[in-house]
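Participant: mind folding the following:
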Amino acid sequence: MEQKSVLIGMSGGVDSSVAAALLKDMGYRVIGATMRLWTYSDSCGAKHEGCCAESAVEDARRVCDKLGIDFYVMNFKDMFRDKVVDYFVDEYIHGRTPNPCIACNKYLKFDALLKKATAMGIDYIATGHYAKIEKGGSGKYILRTSAAAKKDQSYVLYNFTQEQLAHTLMPLGDYNKDWVRKKAEELGLAVASKPDSQEICFVEDDDYARFITDYSGYEPKEGDILDADGNVIGKHRGLIYYTIGQRKGIGAYGRPMFVMKIDADNNTITLGEKGMEFSNELTACDVNFISGEAPDTDMKITAKVRYQAPPAAARLCPLEDGRVRLIFDEPQRAVTPGQAVVFYNGDIVLGGGTVE
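Facilitator: Take a look at the predicted model:
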């Protein structure tokens, strides 16, 4: 039987490192690849220590040397800047809250990297994501949530197509993080105890506003803060400093308040009081259904309106223009334009879209 080959994206972290080792144990010819992405230091020369940093490349290289597999560094800087960084900045400037990890997965990890692998004659790509890919009884591929619920990353993977799933492997879907770290120790990998990356990889110190102004030259403009009745109750520093549901850094009003609405057209922010942050429904655009087929009638699902949110029961109503409307059984807190809403049927990921 011919040995199948797989190109695995390696960030220099423990997850992708152990995933590479597992694939080798499964009998694949494994090739490691680190995607060279645009970083903050490419513009300003500052030292950068995120998952895109030079140190991460060297960590991945050392792991591949230890495992005895080939290693490549692939330049995706221009595409990353175009599809992820510019999108991130533009969304914030227009009063929305982006999810750059989802954009990176959609355009780079499971599209550009797969095309690169295909051009190299490689059968599959793989990542260290915590999720599972299976072939269903109908012959279509299914994306399932991770067996380790606390580490499940299916929320950022809803843009998969059938073609991509057919050529993608995710060997960590049945394992939890403790097992992965223990396995890395057993293999003698230097990254066994390396901390997980928590921040957006191209933003220094998690300071979004400073990054946006430094990167784009955009100058935030002060504007009115309104209450729920439209009365002016204060001034804001600029839209990029705020996101829906935010409670801190909005000023003191004698009672707990939060950001309820960001209006880029009028440069205003509306604050609400406790209880107003909940919504029963939302509309989503840029919708993708993993099966490749959108439903033609309403259907009962569960949905997540943010990465850490628990799945909530809802009715999905397809609209004629390709968008969908979701009506939740219970109100959801801080539904945020620009963020993803992801649809599930049990542990199967149906798809998702962008909250309008």
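
Participant: alpha carbons only for contacts and neighbour counts from here, please
Facilitator: Noted.

Participant: wait, doesn't C317 sit right on L326?
Facilitator: Yes. Using Cα atoms under 8 Å, C317 is in contact with L326, at 6.2 Å.

Participant: what about the helices in this protein?
Facilitator: Ranges of helices within the chain are 14-25, 41-44, 54-67, 77-80, 86-93, 100-104, 113-119, 162-166, 177-186, 208-216, based on DSSP state H.

Participant: pick out whichever of C317 and L326 has more residues nearby.
Facilitator: L326 (24 against 18; other Cα atoms under 10 Å).

Participant: what score does H48 have for pLDDT?
Facilitator: At H48, the model reports a pLDDT of 46.

Participant: got it, and D86?
Facilitator: For D86, pLDDT reads 98.

Participant: which residue packs closest to D59, ignoring adjacent ones?
Facilitator: G12 (4.8 Å; Cα to Cα, 6 or more residues apart in numbering).

Participant: now swap in K151 and tell me
Facilitator: Residue nearest to K151 in three dimensions, not counting chain neighbours: Y130, with 6.3 Å by Cα to Cα, 6+ apart.

Participant: on that earlier part again, lowest average pLDDT across the helices of the chain?
Facilitator: Among the helices of the chain, helix 41-44 scores lowest, with a mean of 60.

Participant: what about the nearest residue to C101 once chain neighbours are set aside, distance to V349?
Facilitator: If you skip the residues right next to it in sequence, C101 has V156 as its closest partner in space, 6.8 Å away by Cα to Cα, 6+ apart. Using Cα to Cα, to the nearest Å, we find V156 at a distance of 11 Å from V349.

Participant: how many other residues sit next to the nearest residue to G351 once chain neighbours are set aside?
Facilitator: In this structure, G351 finds its nearest non-sequential neighbour in F289, 4.3 Å apart by Cα to Cα, 6+ apart. Using other Cα under 10 Å, F289 has 20 neighbouring residues.

Participant: I'd say Y72 and A33 touch.
Facilitator: Yes. Contact criterion Cα under 8 Å: Y72 and A33 qualify, at 4.7 Å.

Participant: one step back: can you lay out the helices of the chain as JSON lines showing mean neighbour count?
Facilitator: JSON lines is the format used below for the helices of the chain (neighbours: other Cα atoms under 10 Å):
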{"stretch": "helix 14-25", "mean neighbour count": "23"}
{"stretch": "helix 41-44", "mean neighbour count": "12"}
{"stretch": "helix 54-67", "mean neighbour count": "19"}
{"stretch": "helix 77-80", "mean neighbour count": "16"}
{"stretch": "helix 86-93", "mean neighbour count": "19"}
{"stretch": "helix 100-104", "mean neighbour count": "19"}
{"stretch": "helix 113-119", "mean neighbour count": "17"}
{"stretch": "helix 162-166", "mean neighbour count": "17"}
{"stretch": "helix 177-186", "mean neighbour count": "15"}
{"stretch": "helix 208-216", "mean neighbour count": "16"}
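
Participant: now render the ones you listed as TSV, adding distance to G272.
Facilitator: Converted to TSV, the helices of the chain look like this (distance: least, Cα to Cα, whole Å):
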stretch	distance to G272
helix 14-25	41
helix 41-44	39
helix 54-67	43
helix 77-80	36
helix 86-93	21
helix 100-104	27
helix 113-119	44
helix 162-166	42
helix 177-186	39
helix 208-216	23
